[in-house]
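Engineer: generate coordinates for the sequence data below:
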Amino acid sequence: MEGPRSHPAENGRPARALVDHLTGVVDRVDHIVPNDTTTPNGESLQEVVKALAYVHDIGKASSWFQAYLDDERIRDKRLRHHAPIGSFAAYYVLDARGYTTETCLAGFVAVAKHHGRIPDVAEYVYNRSFRRGAEGVTGRTVDPREQVQDAVYQQIVDIDGRHRDIATQILQDASGGGADWESFRASFWKLLDEVSGSVESLTGGTPTRDALSDSCYELVLQCWSALVLADKTDAARAPDGSEIYAPKIPSLAKLDSYVDDLDTDPDPDGTRAQQLDYHRARARESVLSGVEAFAESGGGVATLTLPTGMGKTLSGLSAAFALRDRLKGKRVVYALPFTSIIDQVVGELTDIYDDPGRLLTVHHHLSETTFDPDVDGDEVDLNDDVAGMLGESWRAGLTVTTFVQLFESLAGPANSQSMKLPALHDAVIVLDEPQSLPLDWWKLVPRLIRILTERYDASVIAMTATQPRLFEGTDVLDNDVVELVQEPNTYFAACERVEYRLHGSVRRYLDDREGPVAYQDAAAAIRAVARDDESALAVCNTIESARRLTKEVTDGRQHFVDVAEEYANLLRDSPSADEPGEGVDSTVLAKRCRGDGPALIHLSTRLRPVDRLTLIETAKKLTMSGVPVVAVSTQLIEAGVDISFDHVFRDLAPVDSIVQAAGRCNRSFERNHGVVTVWWLDAPSDQKKTPAEAIYNRGTSLLPVTAKVLHSIDDGSGVLPEHAVARDAVEDYYHRLHKNRNVGSQEFVEYVDDARGDELGKLSLIDSRRAADVVICRTDIDRNLVERLREAREAREYTEVRNLLDATKPIRISVPFSNGDETAETIKHLPPIDRENGLYQLDIGQHGGYFNQTTGFVVPEITAGHRIL
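Structural biologist: The predicted structure follows:
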């Protein structure tokens, strides 16, 4: 091959010419960045990223990088690193084209970090470019920053001597004829001063973030993420036509048809169930009418507020699809708080759209396990995986994901996370249950949504029964937030399905914080409901609390059918399944659980996703057929799980969580009124704090606020009407949080305004403690899958590894741990699939002591800090 290469021959494919790669990346930018997208200064973002695409790999023309491709050892790695020289070339060509200094800086960082992640922009730019004198550093250069600069200049001289014509053409193409290689080479030392001076303090010698505007971070984010996606897909030699990036769009008409075909019988004067169907239909019409007005205003941010059980999921999707069509967008992103409820949403979507294909992507952290994360940028360039990166880039018409994936991809994302951001241009994003966002993110999320609406022209719909007033009082959104439902209160009033009862333990908490209810007494109350042939759900605040309550319920004289035990029997006797978790039909399981007493299920994230889903579907079938069911669960059942019980018992929690739990009670008016009892459970085992205090009084203390709100609506009887809790108490609760607790970290917002990518990258929506992913093998099919995964990993077959990792999601759980605790010690005894990246196998045939068929993965002791559903 004549000329320098960008990539070596591999997998039966010839080496790639550098010029071909650069032009290939440039061409892909047309499909990734809409041509009407601009920078904050009104410049064409597409043209900016194209210029970066031309120069990003120019350093690969050096003899050192070419030797590296031939597996030659390079003594000074700095000489083969290709991103630094590309970053200076990027600044140079953007400046030659007349772009603003901040756009030039954004291009500098985007190219410098196209294999890394966004740094502290001001500090990074300064450290890369500051020099104690142009060419006049006397003596041996010892400053590491200057050593990098010297390496860049050596690369310039090397390329000038070997590939001057190619380098000249690259810079001319990148600059539109406004710059050339010779002038770049000659002015390099002066360029250092220009770049460092753009972020230098007035006193000199240090960088200042005051040199950057509040929109610098989002400009870097846009340039960098688009370049990363174009570069990686070209390096992996993905097909280069527009169709590879274009979505298959799910139609609103098909969704409408599905809704119309649902077995409903709306009648405002009929039975309670018929009245509910009537109000659901009215609510959907109201939402779609609201969308029309919202679209007329150009979109932005809207809320969708309806009581639980009113079909918010389908109404929200209808609203998103209608808004997408009216605004001529292409993609919808549906974000949920927990991975545990994604499967239910995806299951319904699969029923609607028979062959989802490129129409639907499901993306959450359990699909994020990767291998070899610490290799440097040049090695990453050699190991890209087409299917994986396209799946992570959200190119489908509909993506179902989590808040973690969405917001952490906007706040200091990892390199691979950034690839999804270009898909957010002109997208409609649905936030389902936004009140579940961690409190310290409540100021940051509106700031990130401003990036979505202003820089990506996206529209956002926040959908819940308990609106957390995230956007109230913020100055980060230019347009007023629009409510899509006309008169939400009418639907809350029409759907009075439950009454709330404050248990004596809660009233004692309100008075003097003393006297929680013992587990034996709580279990007795639950058994009494079951003896009356009625169903009961108890929602606990921690995994250990749920286990303790399950044990107490089953320790009494009353007989329960353990659904998990029957499930285990069927799972063992179903060898014909083709995939992990297949082979157990919930209808068959429900039949096995009838006729011998109430059925019992336990739910937490220590159970495999496929097991939880089967148990929930079985419980739904049992309750609908009149079989009393007792379910003991963590909070995972509160959001989006379409199941109904006669009675719900909720451990003391913030008001919004209580209302969400109540959404599982008398959901479709199966009885005149359901009963929601709020009690205050004691501490399990030898723990010092009750689960409620351990979870909700960490950081911002939420229980005192809840106590005051509940006290304000209690007339002394301890019986609270639904509307008073679902509307009045919720409004009062969030008002008190915002006014008196000032929830949310302003520091997080300042990280965005100051372009502190380094600090943003440290933030997480979930528990920041370490976690291990454990693949739980209960059948030979599961074991065979893990063996195939090990073999593919050893053979470095990346596409196969990713496919097999996806296949383990139904049987994989995430287990948080701290160094030296019981959980960590338990995990140490499990055979690793990939120890470095925290992936282990639990074969119940070999490590049965670590698994309980009713409660799932077992460790000797779980502290309150280990709560996450």
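Engineer: can you give me the helices in the stretch 251-400 of the chain?
Structural biologist: Assigned by DSSP state H, counting those that start in this stretch, the stretch 251-400 of the chain shows helices spanning 252-261, 272-296, 312-326, 342-352, 377-380, 386-392.
Engineer: can you tell me the element residue 533 falls in?
Structural biologist: Counting by DSSP states H and E, no helix or strand carries residue 533.
Engineer: and the lowest mean pLDDT element among the helices and strands of this protein?
Structural biologist: Counting by mean pLDDT, DSSP states H and E, the weakest-scoring helix or strand in the chain turns out to be helix 377-380, with a mean of 50.
Engineer: how about low-confidence regions in the stretch 551-700 of the chain?
Structural biologist: Residues of the stretch 551-700 of the chain meeting the criterion pLDDT under 70: 575-583, 640.
Engineer: need the helices for it, in chain order.
Structural biologist: Counting by DSSP H, counting those that start in this stretch, one finds helices in the stretch 551-700 of the chain at the ranges 563-572, 586-592, 609-624, 655-662, 691-696.
Engineer: nearest to residue 671, of those?
Structural biologist: Nearest of the helices of the stretch 551-700 of the chain to residue 671, taken as CB to CB: helix 609-624 at 11.6 Å. Using the backbone N, CA and C atoms, a C-beta is placed for each residue, glycine as well.
Engineer: before we move on, back to that, hey, which of the helices of the stretch 551-700 of the chain is tucked in deepest?
Structural biologist: helix 655-662 (a mean of 26; mean count of other CB atoms under 10 Å).
Engineer: pull it out as CSV, backbone CA atoms only.
Structural biologist: Coordinates of each C-alpha in helix 655-662 appear next as CSV, following Å, rounded to 0.1, in the frame of the first residue of the first chain:
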residue,chain,number,x,y,z
VAL,A,655,-44.8,10.6,50.3
ASP,A,656,-44.1,10.0,46.6
SER,A,657,-43.0,6.4,47.3
ILE,A,658,-46.1,5.8,49.4
VAL,A,659,-48.3,7.0,46.5
GLN,A,660,-46.4,4.8,44.0
ALA,A,661,-46.9,1.8,46.2
ALA,A,662,-50.6,2.6,46.5
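Engineer: how far off centre is that helix?
Structural biologist: Distance of helix 655-662 from the chain centroid (CA atoms, centre = their mean, to the nearest Å) equals 23 Å.
Engineer: now do stretch 696-711
Structural biologist: With CA atoms, centre = their mean, you get 27 Å for stretch 696-711.
Engineer: who touches it?
Structural biologist: If you take CB atoms under 8 Å, 6 or more residues apart in numbering as the criterion, stretch 696-711 is touched by 439-440, 502, 506, 509-510, 541, 652-655, 658, 678, 689, 692-693, 720, 729, 732-733, 736-737, 740-741, 743.
Engineer: whichever of the residues you listed end up buried, select them in PyMOL.
Structural biologist: Per 16 or more other CB atoms under 10 Å, the buried members of these correspond to this PyMOL selection:
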select buried, resi 439+440+502+506+509+510+541+652+653+654+655+658+678+692+693+720+729+732+733+736+737+743
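Engineer: contact partners for residue 442?
Structural biologist: 468, 470, 743-744 are the contacts of residue 442 under CB under 8 Å, 6+ apart.
Engineer: so which of these is the most crowded?
Structural biologist: Highest neighbour count within the contacts of residue 442, by other CB atoms under 10 Å: residue 470, with 26 neighbours.
Engineer: in the stretch 201-350 of the chain, where is pLDDT below threshold?
Structural biologist: Ranges of the stretch 201-350 of the chain meeting pLDDT under 70: 263, 340.
Engineer: coming back round to it: dump the helices of the stretch 551-700 of the chain to a markdown table, plus distance to residue 823.
Structural biologist: Putting these into a markdown table (distance: least, CB to CB, whole Å) gives the following:
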| stretch | distance to residue 823 |
| --- | --- |
| helix 563-572 | 22 |
| helix 586-592 | 30 |
| helix 609-624 | 19 |
| helix 655-662 | 25 |
| helix 691-696 | 16 |
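Engineer: which among the ones you listed is found nearest to residue 233?
Structural biologist: helix 609-624 (29.9 Å).
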